[in-house]
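Colleague: when you get a sec, could you give me coordinates for this:
(one chain, ligands or ions: 1)
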Amino acid sequence: MLSANELRQKYLEFFKSKGHTIIPSASLIPENDPSSLFTTAGMQPLVPFLMGEKHPAGNRIVDVQKCLRTGDIEDVGDNRHNTFFEMLGNWSLGDYFKEDAIKWSWEFLTDKKWLGLDPNRLYVTVFKGEDNIPRDEVAIRVWQEVLANSGVSNGVANEDEMIKAGIRIIPLGKDDNFWIAGATGPCGGDTEMFYDTRPEEGEINAKFSDLVNNFRLMEIWNDVFMEFLKTADGKLEKLAQQNVDTGMGMERTITVLNGYTNIFETELFVPLLDKIAELSCKKYQDNERAFRIIVDHIKAATMILGDEKGIMPSNVGAGYVLRRLIRRAVRYGKLLGIDEIFTFKIAEFVIDMYKDTYPEVKKNKEFVINQLTLEEEKFAKTLENGIKALKRIFAKAIGGIDPENLPKGMIIKDNVIRVDGNEIFHIYETYGLPPELSQEIMTEWGIRFDEQTMKESNEAFIKHQELSRTASAGMFKGGLADSSEQTTKLHTAAHLMLAALRQVLGSDVFQKGSNITSERLRFDFNFGQKMTPEQLKKVEDLANEQIAKNIPVISQEMTLDEAKKEGAMGVFEHKYGDKVKVYTIGDFSKEICGGPHVDNTGVLGHFKIQKEESSSAGVRRIKAILE
Ligand code: SER
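Modeller: Purely as a prediction, here's the structure:
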């Protein structure tokens, strides 16, 4: 048996022994990345460094990163999809490349001192070349060498992608072996490692994709060789440096290491499933899907609420995803017959599970429990009425029939119905039943709304949203945008604003969070009352004075202690480990920050505050722009 904690420790220790510096996980909520609601991969917080910026911890780093992907939320419930997950990653920022990355991956996986997996049960895929990028002959050669050294077969599969006697390396196209986080950004070909979970079925003689689809092969690790930048017009440019970005899936690796067949059998889920069994008096074996959805969603919600950024359920952006996760879990809880308020009881186990790796979840325990309970109470009160309203809509559409008791033989064409999408949105507005959940409940009755219906409801939803960009960019998709020039400018403006706020309101004022798009900056800070128009004007004037002075923005690396001694501000100061980066703007502002920033305040234009409002108790929120 190898516990999750042992795996994390071994991984960090192994790469430390190869000259890597250990850095802590970044927040689950990306900073200054308007296109992505959550951190979806270990590489995401490191993008500036993959693009060439110098990382304070050096050019070899290793971490365990909290991640969240909601793109596959409908698939949660099968045996390998989950929303919150951890990624073990080692990084070369313009240092080593394919040869070392592959050799170290293999050593860590197979050496008895580390994971000691049987080399005979491992298979690898490589990039076969496409779109004018050649086949990855280097990766193939290195793999052939390491496999031969371990005394296992090392043949390369043909175009037919068949694994049979002697074959262990499978070249695949860009859909499988070319990795990018979103539409644009750093990217490159990759090599992925798979584990044979059922060797008892005998020697493999099958197509690679079939083996993945029937779960005999489980992907555990992906080494991406990032050497390109995909630009907004779809072109691939060479990056200034060659990087390695690897991601080992924590949950899957623990699964195979302990001989389980799916992630829900591991210590990362079992205590949560047991608690659901106790609360519902039902058996997991009889209700796998519902149990899995509930524990997955509550775990994700707990990690979001417990994150250092501390966001709350709301109707927009990440807050809406959080709301939807909690509400979906509650609904499945009700289906299992859990009548009490229960999500916080599961959250307590989640906090216990992760408190040593991510101390912030323990620190924020009270907030997590309160928010979950509030949201669950709100939803539970109206869920029943929401479902009644949904039934009324259904009945109106097909003539007074109860969808849960469809007459035998009744035919609805393709099981699809058309109603006014605004009514579906109205159910959300009135009863808090998110449109996707309405659709899902209908599916359980065997019917779906047609596309037009969902489109209308989505449009009504977007209109209602304060930030339509999150929805139009794909509410549940991850991905990265270019870190545009305007975003960088607004980021520097945020530093000026914080310094100005502290001059005007007092030095007890600290940053509580920020979110920057290319249009505006949003900034939360602690302050007990509404700011007066005079105070707002003063803050604007101070920031604009600094802009007019054309002050250089200087970045320096130093230890955290040195930074503190110099009086640098820093909210997320633990993020970069021992060494931190400090940005200084004259004698006006000094902050610990990962960047990026403009070189000189003179390029910023005119700073203007558009709105100042309450964000939560004791926290104010400013929205500001550069004109
Ligand atoms: N970025 C790659 C992934 O997410 C490897 O870390 O799979």
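Colleague: C-alpha from now on. contacts and neighbour counts both.
Modeller: Will do.
Colleague: biggest helix in the protein, by residue count?
Modeller: helix 365-398 (DSSP state H).
Colleague: where does the stretch 401-550 of the chain have low pLDDT?
Modeller: Scanning the stretch 401-550 of the chain with the threshold set as pLDDT under 70 gives 406-412, 465-484.
Colleague: can we see that at 50?
Modeller: Residue ranges of the stretch 401-550 of the chain with pLDDT under 50: 467-483.
Colleague: name the surrounding residues that touch the helix or strand encompassing residue 324.
Modeller: Assigned by DSSP states H and E, residue 324 belongs to helix 317-335. For helix 317-335, the surrounding residues in contact (C-alpha atoms under 8 Å, 6 or more residues apart in numbering) are 37-38, 280, 290-291, 293-295, 297-298, 300-301, 304, 311-315, 339, 343, 372, 375-376, 379-380, 383, 434, 437, 467, 470-471, 475-476.
Colleague: and the longest helix of the chain, which residues are buried?
Modeller: For helix 365-398, the buried set under the neighbour-count rule, 16 or more other C-alpha atoms under 10 Å, comprises 365, 367-369, 371-373, 375-376, 379-380, 383, 385-387, 389-394.
Colleague: likewise for stretch 59-74?
Modeller: Neighbour-count burial for stretch 59-74 [16+ other C-alpha under 10 Å]: 59-70, 73.
Colleague: tell me the residues of this structure that contact the ligand?
Modeller: Counting by C-alpha under 6 Å from any ligand atom, the positions of the chain adjacent to the ligand are 41-43, 222-224, 245-247.
Colleague: list the contacts for residue 170?
Modeller: Per C-alpha under 8 Å, 6+ apart, neighbours of residue 170: 123-126, 156-158, 161, 163, 208.
Colleague: possible to save the residues of the chain next to the ligand as CSV with secondary structure?
Modeller: Below are the residues of the chain next to the ligand laid out as CSV (DSSP: H, G, I helix; E, B strand; the rest coil):
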residue, secondary structure
41, coil
42, coil
43, coil
222, strand
223, strand
224, strand
245, strand
246, strand
247, strand
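Colleague: tell me where the stretch 251-400 of the chain is predicted with low confidence.
Modeller: Those would be none, if you go by pLDDT under 50 across the stretch 251-400 of the chain.
Colleague: just the closest residue of it to the ligand, please.
Modeller: Nearest residue of the stretch 251-400 of the chain to the ligand (C-alpha to the nearest ligand atom) works out as residue 252 at 12.6 Å.
Colleague: the chain now?
Modeller: For the chain, C-alpha to the nearest ligand atom, closest residue to the ligand: residue 247, 3.2 Å.
Colleague: how many other residues sit next to that residue?
Modeller: 23 (other C-alpha atoms under 10 Å).
Colleague: so it sits against residue 90, correct?
Modeller: Yes. Taking C-alpha atoms under 8 Å as the definition, residue 247 is a contact partner of residue 90 at 7.4 Å.
Colleague: now for these two: what residues contact both?
Modeller: Contacts common to residue 247 and residue 90, judged by C-alpha under 8 Å, 6+ apart, are absent.
Colleague: in stretch 615-624, what's buried?
Modeller: Applying 16+ other C-alpha under 10 Å to stretch 615-624 flags 619-624 as buried.
Colleague: hmm, which of the residues you listed is lowest in pLDDT?
Modeller: Least confident entry in the buried residues of stretch 615-624, by pLDDT: residue 619, with 84.
Colleague: so what sits opposite it in the bridge?
Modeller: residue 526, residue 616 (DSSP bridges).
Colleague: so it sits against residue 525, correct?
Modeller: Yes. Taking C-alpha under 8 Å as the definition, residue 619 is a contact partner of residue 525 at 5.5 Å.
Colleague: what residues do these two have in common as contacts?
Modeller: residue 512.
Colleague: got the contact list for stretch 592-612?
Modeller: Counting by C-alpha under 8 Å, 6+ apart, 48, 488-493, 530-531, 536, 540, 543-544, 546-554, 563, 568-571, 573, 580-583, 620-627 sit against stretch 592-612.
Colleague: which ones among those map onto strands?
Modeller: 553-554, 580-583, 620-626 (DSSP state E).
Colleague: residue 590: what secondary structure?
Modeller: Counting by three-state DSSP, the backbone at residue 590 sits in strand.
Colleague: tell me the contacts of the closest residue to it other than its chain neighbours?
Modeller: Nearest non-adjacent residue to residue 590, counting by C-alpha to C-alpha, 6 or more residues apart in numbering: residue 584, 4.4 Å away. By C-alpha under 8 Å, 6+ apart, residue 584 lies in contact with 553-555, 590-591.
Colleague: how much space separates residue 164 from residue 170?
Modeller: 11 Å (C-alpha to C-alpha, to the nearest Å).
Colleague: also residue 107?
Modeller: Taken as C-alpha to C-alpha, the span from residue 107 to residue 170 is 20 Å.
Colleague: returning to what we had before: ok, the residue of the chain closest to the ligand - contacts?
Modeller: Per C-alpha under 8 Å, 6+ apart, neighbours of residue 247: 41-42, 87-90, 221-223.
Colleague: can you give the contact residues for the helix or strand where residue 256 lies?
Modeller: In this structure, residue 256 sits in helix 250-257 according to DSSP H and E. With contacts defined as C-alpha under 8 Å, 6+ apart, helix 250-257 is touched by 1-4, 7, 80, 85-88, 115, 117, 195, 197, 218-220, 261-263, 265-266, 268.
Colleague: before we move on, what about stretch 498-513?
Modeller: 309, 523-527, 535, 538-540, 542-543, 571, 588-589, 619.
Colleague: at 7 Å what do you get?
Modeller: 309, 523-527, 535, 539, 542-543, 571, 588-589 (C-alpha atoms under 7 Å, 6 or more residues apart in numbering).
Colleague: backbone dihedrals for residue 133, please?
Modeller: Phi and psi for residue 133, reported as degrees, to the nearest 10, are phi -100, psi 130.
Colleague: hmm, I was thinking of residue 111
Modeller: Dihedral angles for residue 111 - degrees, to the nearest 10 - are phi -60, psi 140.
Colleague: just give the nearest non-adjacent residue to it, would you?
Modeller: residue 117 (7.4 Å).
Colleague: hang on, that neighbour in a strand?
Modeller: No. Inclusion of residue 117 in a strand is not indicated when three-state DSSP is applied; the result is coil.
Colleague: tally of neighbours for it?
Modeller: Residue 117 has 18 neighbouring residues, counting by other C-alpha under 10 Å.
Colleague: PyMOL command to pick out the buried ones of the contacts of stretch 498-513?
Modeller: Selecting the buried subset of the contacts of stretch 498-513 in PyMOL, with 16+ other C-alpha under 10 Å as the burial test, is done by:
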select buried, resi 309+523+524+525+526+527+539+542+543+589
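Colleague: closest to residue 449 out of the contacts of stretch 498-513?
Modeller: residue 309 (36.5 Å; C-alpha to C-alpha).
Colleague: now the residue nearest to the closest one when sequence neighbours are not counted: phi and psi?
Modeller: Nearest residue to residue 309 in three dimensions, chain neighbours excluded: residue 513, at 6.3 Å (C-alpha to C-alpha, 6+ apart). Residue 513 adopts backbone torsions of phi 170, psi 160, taken as degrees, to the nearest 10.
Colleague: give me the number of residues near residue 513?
Modeller: 19.
Colleague: hang on, the earlier thing: so which of the contacts of helix 317-335 are in helices?
Modeller: Short answer: the contacts of helix 317-335 in helices (DSSP H) are 280, 290-291, 293-295, 297-298, 300-301, 304, 343, 372, 375-376, 379-380, 383, 437, 470-471.
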